[in-house]
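Participant: Return a 3D structure for these sequence lines:
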Amino acid sequence: MKSKQVGFGIAVWLLASGALAQEGEPGSGIITQLGLQLGYANGENIEGGEHGGPGARVQLLARFNRFVAAGPEVAYFLKAGSQTRVSQAPSGGENTESIPGGLMLLSGVLRLGFDDTAVRPNFLAGLALGNAGGEADTFYFLGGELAFMVNQFPLVVDVRYLGPLTGSSTGYPNYLTFGLGTRLSW
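Facilitator: Model prediction:
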């Protein structure tokens, strides 16, 4: 069932970005954008352990018109993928074990918004293959972004909510990520 959900999500994402790309301005063409961000991810796993850490995000998006951009992204956050495991001890009681690890994400990103004003609000959505604490899962994310133009150089601030598609049964937490960076276009 998980592969059907992922396949359906990818199909919807591709159809939406393809349909909106048809509404581009005449002669504008596709613009490539390289996004670089420093950030922080924080999550609480099902055992109640809260884990977070700093990280970085790199994205390579194709801007189809002034409203739609899509493409791949990779992110890594130190210690955000750590997990707390609680198990029953043979003599009764509980054993608590902390498993350190980073959160690595390989994502497909869809950005919808305005890209031709001084302050550029955008909506972000996507799917990600993630590895946290040595365990792999598929995630979705929703978020918002504000880009402020400073001397033709955008300063980008974003917030994202990241959740596992399989629910909390995997032990993965829901994450909240924050980012600050820039974008280069050519």
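
Participant: who does the residue nearest the centre of the chain bridge with?
Facilitator: Geometric centre of the chain, nearest residue: Phe141, 5.6 Å, by C-alpha atoms, centre = their mean. With DSSP bridges applied, Phe141 shows beta-bridge pairing to Gly126, Leu162.

Participant: is it true that it touches Val159?
Facilitator: No: counting by C-beta atoms under 8 Å, Phe141 does not reach Val159; the two are 10.4 Å apart. From N, CA and C alone the C-beta is placed, and that goes for glycine too.

Participant: okay, and the common contacts of these two?
Facilitator: Thr177 (C-beta atoms under 8 Å, 6 or more residues apart in numbering).

Participant: And the strands in the chain, which stretches?
Facilitator: Secondary structure of the chain (DSSP state E): strands located at 31-44, 50-63, 68-77, 83-88, 94-99, 103-113, 119-132, 135-150, 153-164, 174-185.

Participant: tell me the contacts of Gly92?
Facilitator: Here Gly92 is in contact with no residues (criterion: C-beta under 8 Å, 6+ apart).

Participant: State the pLDDT value of it.
Facilitator: Looking at Gly92, its pLDDT is 77.

Participant: Ramachandran angles for it?
Facilitator: Per-residue torsions, Gly92: phi 100, psi 160 (degrees, to the nearest 10).

Participant: Bridged to Leu61, which residues?
Facilitator: Here Leu61, judged by DSSP bridges, has bridge partners Gln33.
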